[in-house]
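In: fold the following for me, if possible:
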Amino acid sequence: MRRPVFGPALVLAAVASMGTTLAAQPPRLVQPGAPGQPTRDITAAEATDTSGVRHGAADTRFMQGMIGHHAQALEMVALVGDRSASADLKKLALRIDVSQRDEMQMMREWLTARGEALPDPHAHHMAHGQMPGMLTAAQMAGLTAARGAAFDRLFLEGMIQHHEGALTMVTELLATPGAAQEPELFDFASDVEADQAIEIARMRAMLKELGK
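Out: Numbering: from 1, shown residues only. As a prediction, this is how the structure comes out:
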């Protein structure tokens, strides 16, 4: 008996049909089980559902601490107006003031929505030894007393220190097991990391110009 001979057109049609069938099948999503437990198939909706994600103690501490951290930055930029003659420094100070006020409001709303306590508005005055990058009372006094180019240098050096402290806080949060799982908090921490790194680079360039 002769074997049936399939022409090229029939072969191509069969391949196309298989491709259509495979494309119509959704990808399989598998959720790993706990140690000793089996995996299970989940739907795309289950894979993207973040409603069950909850904040933890590290998240609360980060938000409470960052409010105080930002509060000191606002005290620093409030000194710029009558102490610096640099238009570029005043623009930088205004940008920091606007962005950090907005972020402080967001953090307060985040804490309130989760039933967490808001920090004391003056707590940051006592927290320079507890949070990375915070200026000491002596540094703030020196900044307050300075004028002109001397002020500009102290401000830039102090704000670089302050921003680097904020980056440390973000790094510590992200390194904490189970922390920063909420999308809103993770996005905020990522924005802080990106924005303040950019401002550090800008301030270093401004310091270099001052030294010329």
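In: look up phi and psi at residue 169.
Out: Torsion angles at residue 169 (phi, psi; degrees, to the nearest 10) stand at phi -60, psi -40.
In: test for you: state the pLDDT assigned to it.
Out: Listed pLDDT for residue 169 reads 97.
In: just residue 46 next, same as before
Out: We note a pLDDT of 48 for residue 46 in this prediction.
In: what's the answer for residue 12, then?
Out: pLDDT at residue 12 comes out at 46.
In: which residues of this structure score low on pLDDT?
Out: 1-26, 28-37, 40-52, 124-129 (pLDDT under 70).
In: how about the strands in it?
Out: 29-31, 40-42 (DSSP state E).
In: how near is the residue nearest to the spatial centre of the chain to residue 141?
Out: Centroid check for the chain by CA atoms, centre = their mean gives residue 189 as the closest residue, at 1.8 Å. To residue 141, residue 189 is 31 Å away according to CB to CB, to the nearest Å. Every residue, glycine included, has its C-beta placed from N, CA and C.
In: ok, residue 101 - how many residues close by?
Out: Residue 101 is flanked by 15 other residues according to other CB atoms under 10 Å.
In: hang on, it packs against residue 73?
Out: No: between residue 101 and residue 73 there is no contact under CB atoms under 8 Å: 9.9 Å.
In: now do the contacts for residue 67.
Out: Residues near residue 67 by CB atoms under 8 Å, 6 or more residues apart in numbering: 104, 107, 108, 118, 119.
In: actually residue 89, sorry about that
Out: Counted by CB under 8 Å, 6+ apart, residue 89 has contacts 80, 152, 155, 156, 206.
In: hmm, 7 Å instead?
Out: 80, 152, 155 (CB atoms under 7 Å, 6 or more residues apart in numbering).
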